[in-house]
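Participant: structure here, sequence nowhere to be found:
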């Protein structure tokens, strides 16, 4: 925007003359009126004033600029000096300027991670039903072959240069379906499911790199843009987070912003034929819509701190994400073992607290009450019985703040552990070798 003002002072580098602004101004308008006509001059001034008043400062300045050109032309015709334009330092920005540091961080985080966020499209062969006339007045419906159709979708994000993709397990649950990954650039890649996490709602896919010719004329694999996994243990309630995903399976890389509204939640997620209880998840009020499943939850540094997994349909913006640290564990196991495994003790249990203690008339208010023992499992081989209370796992006391599920995930299949068990009000020490729980 250009804003015009009065002529520059003649004392700035020019000849020094006596200043008589009122008289000069009067003579200027008298001469202009004599040469171009008082009526046209008055009309010109009235138009400038009315336009500026009606359309405001910005519109008045723009339109006034055109009128100024007419006024300058008239001054030249009158043989008078045309005042120089004065251009304000304020200009209209063509690009949006963030108003706060936090806003800039959100913009930067989205720009840096968006190329790594992908859409996952699910397709499978669906029967084609055709209607046949079975008689003069009857028809039958028969299958006339199959055709491949899109049956669902979700989100994910690339976590390595060679194309490893993290998403939700429930996105790729169908063993008979095909999965295609679409990047923000519009490229598509067939995806293979490398592993599904048996405990968490996580899965790891693989897409193959494109071959390109390098400067030396040789074929080389083109690296994928990827997102960095951050430290989810460092999250604080109230911290700003950003969710990105393929909202409703239609709006790719939709961004929503919110805060961490809870930590350490336990939820039961369901959808279709999938039902799973997930412990220690992140709660956020950043909108997580259908189709966002498997997309990243970012901090302001552009690091993935969670994997969006579920939302509460009847609530206002209560969504959940699996901590990134749990995804790190699965990713490393896939790289080293080719699968995701967990240690398996082999018991069905109930966490003991003061309420359970009173209900069951137990002698302690901590540990886990064993309800059943899986045959041939580690617990069965160690001698654990239904009705036992496991107080400690390898020296760690089991409580609501330090659950058995959290403790056991620190170990690997094959590790030898010591169980402190309370049976008939007597403590016993049992030795167990952890088994393997896999997909």
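Facilitator: Right, received. Where do you want to start? All figures in this text were calculated on a predicted structure; none of them were measured in a lab.
Participant: remind me which residues of the stretch 1-150 of the chain are low pLDDT?
Facilitator: For the stretch 1-150 of the chain, residues meeting the criterion pLDDT under 70 lie at 1-94, 128-145.
Participant: let's see 90
Facilitator: 1-102, 124-150 (pLDDT under 90).
Participant: what of the stretch 301-439 of the chain?
Facilitator: In the stretch 301-439 of the chain (pLDDT under 90), the answer is 309-319, 329, 336-337, 341-342, 360, 400-406, 409-410, 412, 425, 437-439.
Participant: tell me where it has helices.
Facilitator: Ranges of helices in the stretch 301-439 of the chain, per DSSP state H, counting those that start in this stretch, are 324-337, 354-360, 378-382, 404-408.
Participant: how about residues contacting the first one?
Facilitator: Applying Cβ atoms under 8 Å, 6 or more residues apart in numbering, the set of residues contacting helix 324-337 from outside is 159, 164, 166, 194-195, 197, 200, 202, 204, 229-233, 280, 303-307, 339-341, 409. The way it works is simple: take the backbone N, C-alpha and C, and place the C-beta from them, glycine included.
Participant: re the thing from before, nearest to residue 370, of the helices of the stretch 301-439 of the chain?
Facilitator: When these are compared by Cβ to Cβ, helix 378-382 sits nearest residue 370, at 7.8 Å.
Participant: only the buried residues of that closest one, if you could.
Facilitator: 378, 379, 380, 382 (16 or more other Cβ atoms under 10 Å).
Participant: how distant is that helix from the center of its chain?
Facilitator: 43 Å (Cα atoms, centre = their mean, to the nearest Å).
Participant: now for that helix, which elements pack on it?
Facilitator: When contacts are defined as 3 or more Cβ pairs under 8 Å, 6 or more residues apart in numbering; DSSP states H and E, helix 378-382 packs onto strand 368-373, strand 426-433.
Participant: buried deepest among those strands, which one?
Facilitator: Among the helices and strands packed on helix 378-382, ranked by average contacts under mean count of other Cβ atoms under 10 Å, first place goes to strand 368-373 (a mean of 18).
Participant: okay if I get the helices and strands packed on helix 378-382 as TSV plus distance to residue 123?
Facilitator: Listed next are the helices and strands packed on helix 378-382 as TSV, based on distance: least, Cβ to Cβ, whole Å:
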stretch	distance to residue 123
strand 368-373	41
strand 426-433	44
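Participant: any idea which of these gets closest to residue 401?
Facilitator: Of the helices and strands packed on helix 378-382, nearest to residue 401 by Cβ to Cβ is strand 368-373, at 13.6 Å.
Participant: on contacts alone, who are the packing partners of that closest one?
Facilitator: For strand 368-373, the packing partners by 3+ Cβ pairs under 8 Å, 6+ apart are strand 347-351, helix 378-382, strand 389-393.
Participant: any buried residues in the first one, and which?
Facilitator: Burial within strand 347-351, assessed by neighbour count using 16+ other Cβ under 10 Å, is assigned to 347, 349.
Participant: give me the contact list for that strand.
Facilitator: By Cβ under 8 Å, 6+ apart, strand 347-351 touches 356, 368-374, 377, 379, 384, 390, 398, 400, 403-404.
Participant: related to what we said a few turns ago, nearest to residue 98 among the helices and strands packed on helix 378-382 would be which one?
Facilitator: Taking the helices and strands packed on helix 378-382 one by one with Cβ to Cβ, strand 368-373 is closest: 50.8 Å.
Participant: which residues are in contact with that closest one?
Facilitator: Contact with strand 368-373 is made by 346-352, 356, 360, 362, 379-380, 384-390, 398, 404, as judged by Cβ under 8 Å, 6+ apart.
Participant: can you list the strands that that strand pairs with?
Facilitator: strand 347-351 (antiparallel), strand 389-393 (antiparallel) (DSSP bridges).
Participant: chain center to that strand, what's the gap?
Facilitator: Centroid separation between strand 368-373 and its chain, computed with Cα atoms, centre = their mean, is 39 Å.
Participant: what about the closest residue to residue 160 other than its chain neighbours, how many residues close to it?
Facilitator: Closest residue in space to residue 160, ignoring its immediate chain neighbours: residue 226 at 5.6 Å, by Cβ to Cβ, 6 or more residues apart in numbering. Using other Cβ atoms under 10 Å, residue 226 has 19 other residues around it.
Participant: also residue 360?
Facilitator: 12.
Participant: how close does it sit to residue 350?
Facilitator: 9 Å (Cβ to Cβ, to the nearest Å).
Participant: picking that back up, nearest to residue 210, of the helices and strands packed on helix 378-382?
Facilitator: Here strand 426-433 is closest among these (Cβ to Cβ), at 46.0 Å.
Participant: so for stretch 171-183, mean pLDDT?
Facilitator: Averaging pLDDT along stretch 171-183 gives 91.
Participant: start and end of it, how far apart?
Facilitator: End-to-end distance for stretch 171-183, by Cα to Cα, to the nearest Å: 17 Å.
Participant: any idea how far it is from the chain center?
Facilitator: For stretch 171-183, the distance to the chain centre is 20 Å (Cα atoms, centre = their mean).
Participant: mind listing what's buried in that stretch?
Facilitator: 171, 172, 173, 174, 177, 179, 180, 181, 182, 183.
Participant: secondary structure and distance to residue 334 for those - can I get that in TSV?
Facilitator: Putting the buried residues of stretch 171-183 into TSV (DSSP: H, G, I helix; E, B strand; the rest coil; distance: Cβ to Cβ, whole Å) gives the following:
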residue	secondary structure	distance to residue 334
171	helix	17
172	helix	14
173	coil	18
174	coil	20
177	coil	20
179	strand	16
180	strand	20
181	strand	17
182	strand	22
183	coil	21
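Participant: nearest to residue 251 among those residues?
Facilitator: Nearest member of these to residue 251, counting by Cβ to Cβ, is residue 182, at 13.0 Å.
Participant: tell me if I'm right that the closest one and residue 252 touch.
Facilitator: Yes. Judged on Cβ atoms under 8 Å, residue 182 makes contact with residue 252 at a distance of 7.5 Å.
Participant: mutual contacts of these two, please.
Facilitator: Counting by Cβ under 8 Å, 6+ apart, the residues touching both residue 182 and residue 252 are residue 119.
Participant: what's the neighbour count on the residue nearest to residue 161 when sequence neighbours are not counted?
Facilitator: Computed as Cβ to Cβ, 6+ apart, the closest residue to residue 161 that is not its neighbour in sequence is residue 223, at 4.1 Å. Residues lying near residue 223 (other Cβ under 10 Å) number 13.
Participant: which residues in the stretch 201-350 of the chain form strands?
Facilitator: Ranges of strands in the stretch 201-350 of the chain, per DSSP state E, counting those that start in this stretch, are 203-206, 211-213, 219-221, 240-247, 251-271, 274-284, 296-298, 304-311, 319-323, 341-344, 347-351.
Participant: deepest of the ones you listed, which one?
Facilitator: Note that of the strands of the stretch 201-350 of the chain, strand 296-298 is the most buried (mean count of other Cβ under 10 Å), with a mean of 31.
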